[in-house]
Structures are given as C-alpha cells and as structure tokens.
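# generate coordinates for the sequence data below:
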Amino acid sequence: MSIANILSTRKPSISFEFFPPKTLTIEKVLFDTIDSLQEEHADFSSVTFGAGGSTADKTFDWIKYIKDTCSYETMMHITCVGFNKATLDGILDKLEEAGIENVLALRGDLPKESNAPAGDFKYASDLVEYIALRNKFCIGVAGYPEKHPESKDFEEDIKMLKNKVDKGASFIITQLFFNNEYFYEFRERCEKAGINVPIVAGIMPIINYSQIERFQVMCSSHIPAELIKQMEGKSEEDVAKIGIDYAVAQCEDLVANGVAGLHFYTLNRSTATKKILDKLHFL
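Down below sits the predicted model:
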C-alpha cells in the first residue's frame, strides 16, 4: 500500500526510521529493535541511505527484510548526490520487483571531496521528477519547520518544497523539531503556498545531554532553553525521563492540532520510542 493512501485513511499515522547497520553487533540490535517495535502497530517505516549511496545494498536488504517480515509498509530513502540515471534505474527496478512502492527522495549531504562525481541529479526535485516518470512509486520528501540551513529565508525554502510537490511528491516528513510552534507555522506557510499534501512530523526525544549540541549544530534544531535547563546537572536516567516526557507532551499537542502523522527517528533503538508510544493517550 502507498504511504499516501495510509495517510489518507489513518490520522495520525505512526512510523519509524532506521539506518543500515555497519557491524554485526549493530545488526543484531536492529533485528531486536524491529522485533520489539512490531508490538506498536506502526503504519510504515523507512531506512536511510548513506552519503552518495554508500549503503545502497544494505538499505535495500533491510527494506526487503522489513517488507517480508513486518506487519507494516516500508520505504527506502534515495539521495541524488553522486547518482546517475543508470544506477538509480537499477535501484528502482529492484524495488519494483520486490513490491516496494514507497521512496523518500532527498538531495543528501554534499560530498566533502571536491572531485566527487556530480551525478545526474542536483536537487531533490530533480530526483522526484525522474522517479515520478515511472508512475510506479509513492514519493515522499523532506520538509524543514525551521527552514533548510542552506535556504536564505522561509519564502525560498517553501518555494523549493512546493517545486518538489509539484513534480510528484505525495507527502512530506519533517526534520526533527522541539517547539511545535515551528511546525504549525511551517504547515501554515505550506497551506498558503498551495502545498496540500500530508505533512508528517519528525520526532526524536533527547535521551542524553550530549545530544543537545548535536541536534543544534547538525540538525539546526532550536531546543527550548527551559528544556535544556531542566536537564542540566541531571543523571543520564533523569535526562532520558525528561526527554521522553517532553516528547509525549509534544506528540499529544501535535495530535490535538491535527498532525497527519508522527515519524520517530529511532536511532535503531526501541526503548525511548516504545516508552513514548506507551504513554500516548490517543493510541
């Protein structure tokens, strides 16, 4: 089933994001995580792509495993950086043969090496347009409630997002955020721009203090000063509890305000996500 169809029939949807494990130890952790989260009755999951397609085979393997063994739909991330049309065609052929109809089209992180191959796709919108030509896939794209770090302003950011939707994207999954007002303002800007596809909110609880700087720098996500203050000087266990309780309140508020879905960035662990879902009153 396409994710667009899921989002039209269930509100809010529940989904998880995983990444391909690099070692056998982490692989076992991911097996256990997927197993554990089966109990949560999710609607779909996604598996990320390494920079420049470096984990393409592993990503496909895990997508296929989830498709064959889990009770929910799955989706493959595809990045345009460093890819040519022939390589992408090979990936899309494999997905089609495996009965996987959902993809998340992303630009991906730009390679640091100046001599890295440019590929045939410069922007995520180019990737969306090319995949949409097949008329076989339901395509999702990324959205940024606090705008993409490379966009000069919110107007430019929404213009780029609308271009992706106009070229064939059927839904949006957002970057993680910690202030729901950013999401509501983002959703309103989308509506005013004529973007009428479902917008799924990206959720990741802070479960250790070291994540704060990483989220602020790598994800350009603003973390409320009051939340940081609550966590200062606390034990690791207390920080995790504060972060999970905050995420629960965040999710409850999003659902009360009509969010299309909640997409949990699991980091291949199930504990925090399960604790959040177990506390949500609407499930």
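# next, the buried residues of stretch 249-258.
Of all the residues in stretch 249-258, those buried under the rule 16 or more other C-beta atoms under 10 Å are 250-251, 254-255. Every residue, glycine included, has its C-beta placed from N, CA and C.
# then stretch 187-206?
By neighbour count on 16+ other C-beta under 10 Å, the buried set for stretch 187-206 is 187, 189-190, 195, 197-206.
# now those residues as CSV including distance to K234 and pLDDT?
Putting the buried residues of stretch 187-206 into CSV (distance: C-beta to C-beta, whole Å; pLDDT from 0 to 100) gives the following:
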residue, distance to K234, pLDDT
R187, 33, 98
R189, 36, 98
C190, 37, 98
I195, 40, 98
V197, 40, 97
P198, 37, 98
I199, 33, 98
V200, 31, 98
A201, 26, 98
G202, 25, 97
I203, 21, 96
M204, 19, 93
P205, 14, 93
I206, 11, 92
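# show me the contact partners of stretch 174-192.
142-146, 154, 158, 161-162, 172, 199-204, 206, 215, 219-224, 227, 246, 250, 253-254, 257, 259, 263, 265 (C-beta atoms under 8 Å, 6 or more residues apart in numbering).
# which of the residues you listed fall within helices?
Members of those lying in helices (criterion: DSSP state H): 154, 158, 161-162, 215, 227, 246, 250, 253-254.
# any of the residues you listed buried? List them.
154, 158, 161-162, 215, 246, 250, 254.
# and whatever helix or strand E96 lives in, what does it pack against?
Here E96, judged by DSSP states H and E, is contained in helix 85-97. Secondary-structure packing of helix 85-97 (3 or more C-beta pairs under 8 Å, 6 or more residues apart in numbering; DSSP states H and E): helix 56-69, strand 73-79, helix 124-132.
# which parts of that helix are buried?
For helix 85-97, the buried set under the neighbour-count rule, 16+ other C-beta under 10 Å, comprises 88, 91-92, 94-95.
# dump the residues you listed to TSV, plus distance to F31 and pLDDT.
Below are these laid out as TSV (distance: C-beta to C-beta, whole Å; pLDDT from 0 to 100):
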residue	distance to F31	pLDDT
L88	29	91
I91	24	92
L92	27	95
K94	22	94
L95	22	95
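# closest one of the residues you listed to V128?
L88 (11.9 Å; C-beta to C-beta).
# for the chain, what helix or strand is lowest in average pLDDT?
Of the helices and strands making up the chain, the lowest-confidence element is helix 211-218, at a mean of 78, by mean pLDDT, DSSP states H and E.
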